[in-house]
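[1] Turn this into a structure:
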Amino acid sequence: MSRWGSALMFCVLALSSASVRAQPSLEQAPLDEAERLIVEEASFEAALDQLAVVAREGELDREGAVRLLALRAVVELALERGDAASRSLRQLHQLDPAHAFPRWVPPRVRDAFAAVADAPPPALGVSAVAEHEGEVVQVVVAVEGDAHGLVERVRIHARPPEGEWVTHLGHTLEVRAEALSYYVEVLGPGGAVLVAEGSREAPRRVLPPAVPAPEVLEISSTPPPQTDFGALDPGWP
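    All right, here's what the predicted structure looks like:
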């Protein structure tokens, strides 16, 4: 264990487990277990493994993603993994620029966070374009401002008229339909929705393609001109 890891162990053991949540929610329970491994046992490698599972398989909300990143940064600093800790702290800063660490977190973590928080974080955004491509509607999603790799995946939800909602992971979706309701979610660590465009209650919509109006031929009421055949042929009887 590193010298700083030993200092962190002394700090967290002195504070005991008072900061660990007494009644965790189902979503936060895996994070509580990771915090327990840090606070009660100073088992940093085990805590990091636990956080990796949560990041990969969890069903967190935005608050849970913030907590996951904060705990991961604490452990990475304790294990002297500076580059990884810097990345986690930058992701944390983008998600929660004014993050307040728990009381048990040592000053070194707060100082490291302050060092990466000296400038406003990039704004994370998403845009989606949906249009007809032949017999299908194509939805194309673009994520903006993901400067620190915070985004894990993109999820598109779509429903044709009289159909059911379907979910697709990826930046592009094609649905064979004349019209479509859809919304887009950008997911971060632990499956947390970081930003969205539309929602199930208020989806974006693609209308059926416009049908061109039938061409109307102009009918003239003017009689056709009379031809003087005698003038064309003097021998005409």
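
[2] Next, name the residue at the spatial heart of the protein.
    Val186 (1.0 Å; CA atoms, centre = their mean).

[3] In contact with the closest residue in space to Ala65 that isn't next to it in sequence, which residues?
    Spatial nearest neighbour of Ala65, excluding adjacent residues (CB to CB, 6 or more residues apart in numbering): Ala192 at 3.6 Å. (Glycine included, C-beta is placed from N, CA and C.) Residues near Ala192 by CB atoms under 8 Å, 6 or more residues apart in numbering: Leu60, Asp61, Arg62, Gly64, Ala65.

[4] give me the element Tyr183 is part of.
    In the assignment (DSSP states H and E), Tyr183 maps to strand 180-187.

[5] so how far is stretch 158-165 off the chain centroid?
    22 Å (CA atoms, centre = their mean, to the nearest Å).

[6] Going by neighbour count, list what's buried in that stretch.
    Ala158, Arg159, Pro160 (16 or more other CB atoms under 10 Å).

[7] will you turn those into CSV that also has distance to Arg72 and secondary structure?
    As requested, the buried residues of stretch 158-165 are exported to CSV (distance: CB to CB, whole Å; DSSP: H, G, I helix; E, B strand; the rest coil):
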residue, distance to Arg72, secondary structure
Ala158, 33, strand
Arg159, 36, strand
Pro160, 40, coil
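
[8] For burial, what's the neighbour tally of the residue nearest to Ala158 when sequence neighbours are not counted?
    Of all residues not flanking Ala158 in the chain, Tyr182 sits nearest, at 4.2 Å (CB to CB, 6+ apart). By other CB atoms under 10 Å, 25 other residues sit near Tyr182.

[9] for Ala123, phi and psi?
    For Ala123, the backbone dihedrals are phi -80, psi 120 (criterion: degrees, to the nearest 10).

[10] which SSE is Ser127 in?
    Element membership of Ser127 [criterion: DSSP H and E] is strand 125-133.

[11] In the chain, what residue spans correspond to helices?
    Assigned helices in the chain, in chain order: 3-15, 29-39, 44-57, 62-78, 82-95, 107-116, 229-232 (criterion: DSSP state H).

[12] Which of these has the highest mean neighbour count?
    Of all the helices of the chain, helix 62-78 carries the top mean neighbour count, a mean of 24, counting by mean count of other CB atoms under 10 Å.

[13] Only C-alpha atoms, please: export that one in CSV.
    Taking C-alpha atoms only, helix 62-78 is exported to CSV below (Å, rounded to 0.1, in the frame of the first residue of the first chain):
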residue,chain,number,x,y,z
ARG,A,62,-27.3,11.2,-12.3
GLU,A,63,-26.6,11.6,-8.6
GLY,A,64,-25.4,8.0,-8.5
ALA,A,65,-23.0,8.6,-11.4
VAL,A,66,-21.6,11.6,-9.6
ARG,A,67,-21.0,9.5,-6.5
LEU,A,68,-19.4,6.7,-8.5
LEU,A,69,-16.9,9.1,-10.1
ALA,A,70,-16.0,10.7,-6.8
LEU,A,71,-15.4,7.3,-5.1
ARG,A,72,-13.4,6.1,-8.1
ALA,A,73,-11.1,9.2,-7.9
VAL,A,74,-10.5,8.7,-4.2
VAL,A,75,-9.5,5.0,-4.8
GLU,A,76,-7.3,5.8,-7.8
LEU,A,77,-5.5,8.5,-5.9
ALA,A,78,-5.0,6.1,-3.0
